[in-house]
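K.L.:
sequence first, then the predicted structure, then my questions.
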Amino acid sequence: MTFIRAGRFVALAAVVALSATACSSGGRDKSDDSDGGGGGNAPGSSGYTIAFVTHETPGDAFWDKVRAGAEQAAKDEGVTLKYSNDPDAAKQAVLIQNAVDSKVNGIATTLVTPNALAGAVKTATEAKIPVVGLNAGIEQYKQLGALMYFGSDETLAGESAGEKIAAGGAKHPLCVIHQQGSVSLEARCAGLRSKVPGTENLQVNGADDAAVTSTLQAKLAQDKSIDYVLTLNSQVALDTIKAQEQAGTSAKVATFDLDQQVAQNVQDGKIEFSVDQQPYAQGYLAVSSLYLYLKNGNDIGGGRPVLTGPSFVDKANIATILPFTKNNTR
Amino acid sequence: MTLIEMSGVGKSYGAVSALHDVSLSVHAGEVTCVLGDNGAGKSTLIKIMSGLHPHSCGVMTVDGSPATFASPREALDRGIATVYQDLAVVPLMEVWRNFFLGAELTAGTFPLSGFLSGMKIKDMKRIADEELRKMGIIVNDINQPIGTLSGGQRQCVAIARAVYFGARVLILDEPTAALGVKQSGVVLKYVAAARDAGLGVVFITHNPHHAYLVGDHFIILKLGAAVLDKPRAEVTLDELTTQMAGGEELAELSHELGR
Amino acid sequence: MSHSVRAAPPVPASPEQPVRPRSSIGNRLLVRPEVGALVAALVIFVFFLAAAPAFRSAESFFTVLYQASTIGIVAVGVGLLMIGGEFDLSAGVITTSAGLVSSMFCWWFGVNLWIGALLSLIFCLFVGFVNGWLVMRTGIPSFLITLGTFFVLQGANLGVTKLVTGSVTSPDISGIDGYDSLGAIFSSSFKAGPVTVWITVIWWVLFVAVATWILTRARVGNWVYAVGGAPDSARAVGVPVVRTKIGLFMAVSFLGWFVGMHTLFRFNTLQAGNGVGNEFLYIIAAVVGGTLLTGGFGNAAGVAIGAFIFGMTNLGIVYAGWDPNWFKAFLGVMLLLAVLVNLYIKKMATARRTA
């Protein structure tokens, strides 16, 4: 960006007064107001109530999709869904306990802090309420008494990303952690390091885009040997592209998670690939599996976790996936 | 010349009556002393005159016309300035800033007018220094925080400020309460000086000795009502002291104890 | 109001303070609030120059300045407010609210971004007014009132964004009319030799200059110090305490709006949950810069230096290439050191004064 804008600004400022109230381009697509799903069941028509408990920190686009998937499944199957969330482990346990107390038919929960949640999950299984795990807790879900598990294997995801990055010839990739002390984010970076030993981690403040950008800019300027940047969510990926433009390096970018803009950047070749763990599918499958279990006694996954990821989105398949990102379902 | 005249003034906070049926008058060139114990209603009386709280009954006239003040600003605009014992100055601010606080000299030209107008800092510093010197207050540095001055000096700066800004009535709330003998003497000199300059002074205190040194008229408040209201000619220091110490109650007590 | 000399009574000169020694230049310098911070900033700067080779370039310096400016702009307002004796915990979240209001309104109704920016400005000023009005009206500490606003805005950011866009990310505004002209104001940059100068740095300097002028030379600056130092005394001498404080809250939300606009036009989309936590960075910048937590003391230059120290420490660790896991610990130590240096110098200054 340069001061070229300033020139245009003078011209535009004069026009603004006239055109301000007129319709402008680039806004919402007004023809697309109708609900694309069509039909569906009334909530509660199957008689089941399912509690859906996560460790979502409010405002995370990822959880938005998990929740959208769960809500779609509930709608499709006529289930009443009770969504609740708290990033604090102790409070999440209380939420599970609440679900047990209100005698729901089934509980779907993330198991990010297995030890803290074990007690609450146990009271659920003792009350004969089926529990499925999702998103986190792949190692511990069985031991806690959950029937099924839907999610990604973070270490595997990191390793697979690492293989792709290694195949791209990277010697010194940077793994950007946007939240301090998160087990799953550390696992991804560890997976990358196991494939590319030269991996370096960088901590940024994910709640402030300007801070993320300047920190990355500083890092890229400090160490010119960085040849690949792996970010762990989509916003940081976009910030990285901004930082890269400033720092003027040729390091490639790959990211975890997907949204419309990341998809667009994959298509434009600015992001090499995205590791998608398909959050929409996690939410959808968790609710559907409980529905099938309650309705028909089905057990999904053959006693093993059902992996929704890692699923790679790159130039090869972006054309198919790009439209779905616009619906906020991928 | 009568500046403020109060007749039958009272104030109640909800059901509590803090002041009832008090009458007093403030004359130019005279010191009216209001004496009383803690909780006697002295501060309520000040608050009415200075515009912090309006009175709830009775009549207060300023220059002969009835007045009720909605804010201290209104009282100030009528020439009634109050120097509070603990609220006289802002300790962390420089002496000159304190001197002109709320009445800054400005050279406002559009668009920097009103509250955004620039201050004539040089003039303000010069005037503050001059005015303080006139009152015999010499500070090390007009730029030093006023909190570095002694309590008596701070009271004097506040009095000098009120006088400079054309106050006609000066209300002094316990100006000597927290001071030593020497410092009190300095403050009392300024009280006398302000009186000699033709101001009407209302001197609030619980110290009859200080009051008697400068007072022309004395009012003693007890439980929100006036129990003594006499000009200097009709009262002695002993009488004031006795009244302040408890008066008849004390005599009764002395009789009971019988020694 | 007459400036009559007539009223000045002739009084024999007091025997107190017969001599008038002017305090030395050094002494006067030391009691200025920003001097401690300046010394700390220099120490940290030299430290990173020594420890981080990548830090020793003009480009790096301007990256640090950019980082400092995004914190520093709001910190100027927060500093003024703290001098005025109040806190604003909603200052971090309001930057995100500002961007969200603007972008979602324009996206939904398909109108020019200038309208959105104006609407957002009105919204932010209104929030500032409500903060101030509630604090003055109820007498409840601003810490609590703005904590309430903080939660309200945080929740509304998420809830409204979800309602409007169906996700928690605001829509991309880069295609809407007015993007280029507003971008030029809020988030353009230019090259000066090898370095990229972001316009926020220039705005930051400008805001600091304006705040400095207001505090030292404007009438209202006198009032800001007074309402922070002794609100009751200020009121008693006729300072409009309520209006001054409400104005300060509105100044903070104005600057929050400004940074919100920058973030919006630089990144085109916003995460509805962002901005949380920055309110403490603003307060830290102000305190490191010598602003007294209890109000009545401080200045704008100090706050700017505080923000600079933050930006420098934040990025210096990265330039030094240290283990990122220690990031926050380093940051904390640096900030504590800055505060300690600050305190030490202030003590030294007052000790000399009374000696």
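P.N.:
Yep, that arrived.
K.L.:
give me the residue ranges of the stretch 151-259 of chain B where confidence is low.
P.N.:
Along the stretch 151-259 of chain B, segments meeting pLDDT under 70 span B:247-248, B:250, B:259.
K.L.:
and the residue of it nearest chain A?
P.N.:
residue B:154 (45.9 Å; CB to the nearest CB). C-beta: built from backbone N, CA, C; applies to glycine.
K.L.:
now name the helix or strand holding that residue.
P.N.:
helix B:151-164 (DSSP states H and E).
K.L.:
how about that helix and chain C, touching?
P.N.:
Yes - shown here: helix B:151-164 in contact with chain C (CB under 8 Å from any CB of the partner chain) through B:153, B:160, B:161, B:163, B:164.
K.L.:
was I right to think the second one contacts residue B:138?
P.N.:
Same thing as residue B:160. No - using CB atoms under 8 Å, residue B:160 is not in contact with residue B:138, being 11.9 Å away.
K.L.:
before we move on, back to that, which among the residues of helix B:151-164 next to chain C count as buried?
P.N.:
Burial by neighbour count, 16 or more other CB atoms under 10 Å in any protein chain shown: within the residues of helix B:151-164 next to chain C this picks out B:153, B:160, B:161, B:163, B:164.
K.L.:
common neighbours of residue B:160 and residue B:138, please.
P.N.:
Taking CB atoms under 8 Å, 6 or more residues apart in numbering or on different chains as the criterion, residue B:160 and residue B:138 both touch residue B:132.
K.L.:
quick one: contacts for the residue of the stretch 51-200 of chain A found nearest chain C?
P.N.:
Distances between the stretch 51-200 of chain A and chain C by CB to the nearest CB are smallest at residue A:59, namely 2.0 Å. Taking CB under 8 Å, 6+ apart, we find residue A:59 in contact with C:157, C:158, C:168, C:271, C:272, C:273, C:274.
K.L.:
10 Å instead, please
P.N.:
For residue A:59, the contacting residues are A:207, C:96, C:154-155, C:157-158, C:161-162, C:168-169, C:271-276, by CB atoms under 10 Å, 6 or more residues apart in numbering or on different chains.
K.L.:
against which helices or strands is the next helix or strand after the helix holding residue B:154 packed?
P.N.:
Proceeding N to C from helix B:151-164, the next assigned helix or strand is strand B:169-173, under DSSP H and E. Secondary-structure packing of strand B:169-173 (3 or more CB pairs under 10 Å, 6 or more residues apart in numbering or on different chains; DSSP states H and E): strand B:2-13, strand B:16-27, strand B:31-36, helix B:42-50, strand B:80-83, helix B:151-164, helix B:181-196, strand B:200-205.
K.L.:
pLDDT of the second one, averaged?
P.N.:
Looking back up the chat, that one is strand B:16-27. Strand B:16-27 shows a mean pLDDT of 85 in the predicted model.
K.L.:
for the residue in chain C that chain A sits nearest to, grab phi and psi.
P.N.:
Per CB to the nearest CB, residue C:273 is where chain C lies closest to chain A, at 2.0 Å. Torsion angles at residue C:273 (phi, psi; degrees, to the nearest 10) stand at phi -90, psi 0.
K.L.:
you'd agree it is up against residue A:179?
P.N.:
No - look at residue C:273 against residue A:179 with CB atoms under 10 Å: they stay out of range, at 11.8 Å.
K.L.:
quickly list what's touching both of these two.
P.N.:
By CB under 10 Å, 6+ apart, residue C:273 and residue A:179 have these common neighbours: A:57, A:60, A:206, A:207.
K.L.:
before we move on, the earlier item: report the contact partners of the residue of chain C closest to chain A.
P.N.:
The contact partners of residue C:273, taken as CB under 10 Å, 6+ apart, are A:57-61, A:206-207, C:93, C:96, C:154, C:157-158, C:161, C:168-169.
K.L.:
show me the contacts for residue A:264.
P.N.:
A:238, A:270, A:271, A:318, A:322, A:325, A:326, C:172.
K.L.:
contacts with chain B among those, please.
P.N.:
The subset of these within reach of chain B, by CB under 10 Å from any CB of the partner chain, is empty.
K.L.:
show the buried residues in these.
P.N.:
Here, 16+ other CB under 10 Å leaves A:238, A:270, A:271, A:318, A:322, A:325, C:172 buried among those.
K.L.:
what residues does the stretch 51-200 of chain A put near chain C?
P.N.:
A:56-65, A:67-68, A:174-177, A:180-181, A:186, A:200.
K.L.:
let's see that with 6 Å instead.
P.N.:
Residues of the stretch 51-200 of chain A lying close to chain C (CB under 6 Å from any CB of the partner chain) are A:58, A:59, A:61, A:64.
K.L.:
low-confidence regions, the stretch 1-150 of chain B specifically.
P.N.:
Across the stretch 1-150 of chain B, residues meeting the criterion (pLDDT under 70) sit at B:87-88, B:108-113.
K.L.:
which residue ranges of the stretch 201-330 of chain A form strands?
P.N.:
Remark: strands assigned in the stretch 201-330 of chain A by DSSP state E, counting those that start in this stretch are A:228-231, A:252-256, A:273-276, A:306-309, A:311-314.
K.L.:
what is the fourth one packed up against?
P.N.:
Other elements packing on strand A:306-309 under the criterion 3 or more CB pairs under 6 Å, 6 or more residues apart in numbering or on different chains; DSSP states H and E are strand A:148-152.
K.L.:
would you say residue A:28 is within a strand?
P.N.:
No - going by DSSP: H, G, I helix; E, B strand; the rest coil, the assignment for residue A:28 is coil, not a strand.
K.L.:
how far away is residue C:343 from residue C:337?
P.N.:
Distance, residue C:343 to residue C:337, using CB to CB, to the nearest Å: 11 Å.
K.L.:
next: residue B:141.
P.N.:
The gap separating residue B:141 from residue C:337 is 32 Å, by CB to CB.
K.L.:
got it, and residue C:180?
P.N.:
44 Å.
K.L.:
of these two, who's got more company?
P.N.:
Taking neighbours as other CB atoms under 10 Å in any protein chain shown, residue C:180 and residue C:337 compare with residue C:180 leading, 20 against 17.
K.L.:
any idea which element that one lies in?
P.N.:
helix C:179-186.
K.L.:
just the CA trace of that helix, in CSV.
P.N.:
Taking Å, rounded to 0.1, in the frame of the first residue of the first chain, the C-alpha atoms of helix C:179-186 are listed here in CSV:
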residue,chain,number,x,y,z
TYR,C,179,-12.6,1.5,0.8
ASP,C,180,-9.7,3.2,-0.9
SER,C,181,-10.3,6.7,0.4
LEU,C,182,-10.8,5.6,4.0
GLY,C,183,-7.9,3.2,3.6
ALA,C,184,-5.7,6.2,2.8
ILE,C,185,-6.7,7.9,6.0
PHE,C,186,-6.5,5.0,8.4
